[in-house]
Structure formats: structure tokens, C-alpha cells
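A.B. asks: Pasting the sequence and the predicted coordinates here, then a few questions.
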Amino acid sequence: MDLNINRNATGSLVRQLVASVSDWINAHGIRPGARMPSIRQLATENGLSLSSVIKAYDQLVASGVLESRHGSGFFVAQRRPEALAPEAEEAVAWKLFDNPSIQLKLGCGWLPDVWRDDSDLGQAIRQVVRCDSHALFNYSTPLGSAPLRLQIQKRLGLIDIHVDQAQIITTQGASHGLDLLVRTLLEPGDLVLVESPGYYNLFNLLKLHGVKTLAVPRTAQGPDVASLERLLGAHEPKYFFVNSMYQNPTGTSLAPSVAYRLLQLATLHDFRIIEDDIYADFQNGPTSRLASLDALDRVIYLASFSKTLSSSLRVGYVVAQPEIINRLAEIKMVTGIGCSLLAENVVATLLANGAYRKLIQRLRLRLNKQMANTLRQLEPALWEVFAEPSGGLFIWARPRHVPAARVQRIAEQLQVQLSQGSTFLPNGEGNDWLRLNVAYTQDARAQAFFREIERESTVGTSVLMGIDIK
């Protein structure tokens, strides 16, 4: 039973083993009740430790793929969970969130597990559990944990966003913050502006609530001001959703001139701006934040700790004028009662003891190195890069000489999962751009993908020029 385990993969070896065993059973049509190799046999055949195989088998039993019979070993379950039919699997839009997948998620929007530092996080969890058992069993307050909001207030002051704690409400991540804002401030049929390309889940959220959208092209300096002015001449939108720093998916940040013009237009045409600054803590140098320039007059600001600390904790926040915060708190209580007090106090502890500051310093350095290495690999003759980001996670690029369908096939053959450009357009138009997450680009599978794109690009260019490269 050769599982072809990739020891250079980014993800957990046990997780990869679970997926590989399950795929092997399905691929070989193993009948229910068939005996599986023993733990020792599977470990020996694949050069694995006994503990890894034990953990994988335990997970397969828990998920219903295998059965454990005392004294006899492991067997394929008589009634296994039904796998998705191929056509149904293709229809699933959230493949990047398929945790058991052994594919490299080159286009995902988060850091690899191996980049996460669980020691400080674990210590903070133990401290909160030991010193504040109340947080284990109770909801947070409507506005959120007071210690966390105090720490957020201090961090905002460091980037020249000066607010009272009454102007801060915690959320279950930035997506929850966006949902609260849409529920509270908009009604079906309302018109808003969004960036294109932009955040796909925002587009889905607005469609879910019946909100109409107008797309403003994103440039290397931020939203295209000329296009925005033309749209404002013909329409009266209520809000403009903007990614200020290291935008998803282009990796670009607001230029000062664009930031000032956006605020001028917001006043002139009487609309508000919702500034999504979820990648704020990856900041390398000075930048233009609308909330700091505007003092939250026409700007609502939101951010999150999901991208830097933990996606699992689900802790984010919204900053706005007190009357808006109070309305958000009412909707928050009606739709979800409250956030996790335990998670909020864990984040507050990490902020207060300096561990979070040290964590993001390490992440910035590592991301900067990965960004520089990746940009060097994307040879301009072979790849078109939308803009060279100054930091963050993303590069928005496309191969110049390899058709999009062929790029996708190459990725699939090399166990690489891409994020297609059409996903990031409000109406899902066809698009051959790719979002590349630089935290994954040095993985062996990503390197093989880049080499194959380079090889095919060279062949394609030579054919066009009539050169025989044999």
C-alpha cells in the first residue's frame, strides 16, 4: 500500500496520511469489511512513524471510513460516508477550505499552519483558563471584552486612528463585521461600490442581502479615481467598500493622493467608505489609511486577527461613530447573542504581554523574504505581474504564454490548488489572472509548478518565433 506521502508538503503529515488512505480505498474500490494493513505494516511500507499511523487510523475511524475491531485490527467500514459525486464536487465553491486536502493551496488567503507559533497562543489560553474561568462559560458583552477593546484602542493609536472604546465593537472575524455592517446599514435594492478585482466573499454577502453593486477598477495605487468619478456622475451609491493595504487579491495599497481624493468624493457625493484593513498588521512602512485621515467622519474601519494570529479564534473588530456601534451591537445580539469571551481574552492577553507584537515582526520578515524571492521567480518575460506589492501575502499575476486552461491542468497534475481570477470579479467574468500567496511559493510543489510554466512558456514562445528548440 504505497501512499506516495510527500514529506516536503506544508501541511500536517497525519492529515496527509488520512486523505491518502481514504483516496486509496476509493481509487482501488476496496470493498466494505476488507482488512486494512496493520499499523506496523503501513508504517514500514511508507517510512512513517507508528505514532503517525496510529493518529491517522484513529481519525479515519472517527470519520467513519474505517472500523476498529478489538484484537483483529482495522477494516474498511461497512457503511462509509458517501463521497461527493464528481459533478457535485466541481460545483463546490469553497475547495480552499477543504482541510483534509493534500493539495498545496497556492491561492489561499491565509498563512500555512507551519508558520503559526502555537507556544505563545497555548500559553495565553492556559493563562486565561487558569485566571479567568468566567471566560470558559459565558458570553462576551455586546460591545466585546473590555480588556480586548482597550488593547485595540492602543493599537489603533499607533496608526493614528484615535478613538474611544465606545467606538469599538468586537466581531467573529472581519467577515462577521462585514455582515453586521450590511445588515445594519443597507437594505435590498441599495446601491454600493466595490473594487474589481476584490474580495469574493463580500460580493457573495451583498448578493445574499439583495444589495446592488457597481465595480470600480483597482489600480496599483488604489481604486481608479477617474472611473469612480464617472460612476458617481450617473449613480448615487450609499457606501464604497475599500481594501486599504495589501488588497485582496492584488496586494496593492492606497497611494496618498488617491486616499485624499476618495475622501473628497465621499463628501461631495454624500457616501460613506467601509475600509477593510484586515492585513494591517503586515504593514512594513508608512501608508495612507482613510480612517486616520478622516477621523471616522465618513469612514467605518474594520480589521481582524485571523490572518496573523489564528483563523480559528475568530476575533475581529469594527470602529465607527458611537451611534453606528450601538446599532451594530443590537444586530450582533439579535443574530448571534455575542462573541467568544474566551477567544477575546486570549487575544487581549497576547496583545498586553507583547507576544503578538513579536509574532507579527517575525511574520513580516518572513513574508518580505518570500515576496522578494517570488517576484524574482516570476520572470517578466514569462509572467505579467499586476503590481509589485511592498508587503503582505498576495501577488496578482498571470503567465504570458500559457493558456489558462493549460495552467489549471498543470496545477492539478502537480497537486497545486489555484485561485482563479474570475472568483475575484463581482460578476464572475472569465479571467486568467491568479492570486498567488507568497507564503506557499517556496514549497516543492509550487516550485515544480513555476518550472513547468517556464518550460511551456519557453516552448510556446519559440514556436511563435519559428525557432526549433530541439
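C.D. replies: Yep, that arrived.
A.B. asks: can you map out the helices along the stretch 351-470 of the chain?
C.D. replies: Assigned by DSSP state H, counting those that start in this stretch, the stretch 351-470 of the chain shows helices spanning 355-377, 404-413, 444-465.
A.B. asks: I'd like to know which elements the longest one is packed against.
C.D. replies: On a contact count with 3 or more C-beta pairs under 8 Å, 6 or more residues apart in numbering; DSSP states H and E, helix 355-377 meets helix 118-131, helix 341-352, strand 394-399. Heads up, the C-betas are built off the backbone N, CA and C, glycines and all.
A.B. asks: Can I get those in TSV including distance to residue 202?
C.D. replies: Shown next, in TSV, are the helices and strands packed on helix 355-377 (distance: least, C-beta to C-beta, whole Å):
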stretch	distance to residue 202
helix 118-131	28
helix 341-352	23
strand 394-399	16
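A.B. asks: three-state assignment of the residue of the chain lying at maximal distance from its centre?
C.D. replies: Largest separation from the mean C-alpha position in the chain: residue 71, at 44.5 Å (C-alpha atoms, centre = their mean). Put simply, residue 71 is coil when judged by DSSP: H, G, I helix; E, B strand; the rest coil.
A.B. asks: Read off the pLDDT value for it.
C.D. replies: Predicted confidence (pLDDT) for residue 71: 79.
A.B. asks: repeat for residue 5
C.D. replies: 73.
A.B. asks: Contact partners for it?
C.D. replies: 13, 16, 17, 20, 46, 47, 48 (C-beta atoms under 8 Å, 6 or more residues apart in numbering).
A.B. asks: isn't there a helix covering the second one?
C.D. replies: Yes - secondary structure assignment places residue 16 in a helix (three-state DSSP).
A.B. asks: and this structure, what are its domains?
C.D. replies: 13-83, 118-354, 357-465 (automatic domain parsing).
A.B. asks: what ranges of this structure fall below the confidence cut-off?
C.D. replies: 4, 7-11, 79-101, 459-470 (pLDDT under 70).
A.B. asks: Shouldn't residue 217 be within a strand?
C.D. replies: Yes - according to three-state DSSP, residue 217 belongs to a strand.
A.B. asks: Residue 224 versus that one, what's the distance?
C.D. replies: 4 Å (C-beta to C-beta, to the nearest Å).
A.B. asks: More neighbours: the two, which one.
C.D. replies: Set residue 217 next to residue 224 and count neighbours by other C-beta atoms under 10 Å: residue 224 wins out with 17 against 12.
A.B. asks: Touching, the more buried one and residue 215? I think so.
C.D. replies: No - using C-beta atoms under 8 Å, residue 224 makes no contact with residue 215, being 10.1 Å away.
A.B. asks: Which of the helices of the stretch 351-470 of the chain sits closest to residue 388?
C.D. replies: The closest of the helices of the stretch 351-470 of the chain to residue 388 is helix 355-377. By C-beta to C-beta, the value is 5.9 Å.
A.B. asks: what comes into contact with the closest one?
C.D. replies: With C-beta under 8 Å, 6+ apart, helix 355-377 has contacts from 111, 115, 117, 120, 123-124, 281-284, 305, 308-309, 347, 350-351, 385, 388-389, 391-393, 395, 436, 438-439, 441-442, 450.
A.B. asks: Drop anything exposed from those residues.
C.D. replies: Neighbour counting with 16 or more other C-beta atoms under 10 Å marks 111, 120, 124, 281-284, 305, 308-309, 347, 350-351, 385, 389, 391-393, 395, 436, 438-439, 441, 450 as buried within these.
A.B. asks: Minimum distance to residue 61: which of the helices and strands packed on helix 355-377 has it?
C.D. replies: Nearest of the helices and strands packed on helix 355-377 (C-beta to C-beta): helix 118-131, 25.5 Å.
A.B. asks: And stretch 383-399, how far out from the chain middle?
C.D. replies: Chain-centre distance of stretch 383-399: 16 Å, with C-alpha atoms, centre = their mean, to the nearest Å.
A.B. asks: Going forward, count from 59.
C.D. replies: Done: numbering now begins at 59, and the last item shifts to stretch 441-457.
A.B. asks: ends of it, how far apart?
C.D. replies: For stretch 441-457, the first-to-last residue distance is 4 Å (C-alpha to C-alpha, to the nearest Å).
A.B. asks: If anything else comes up later, I'll come back, but that's it for now.
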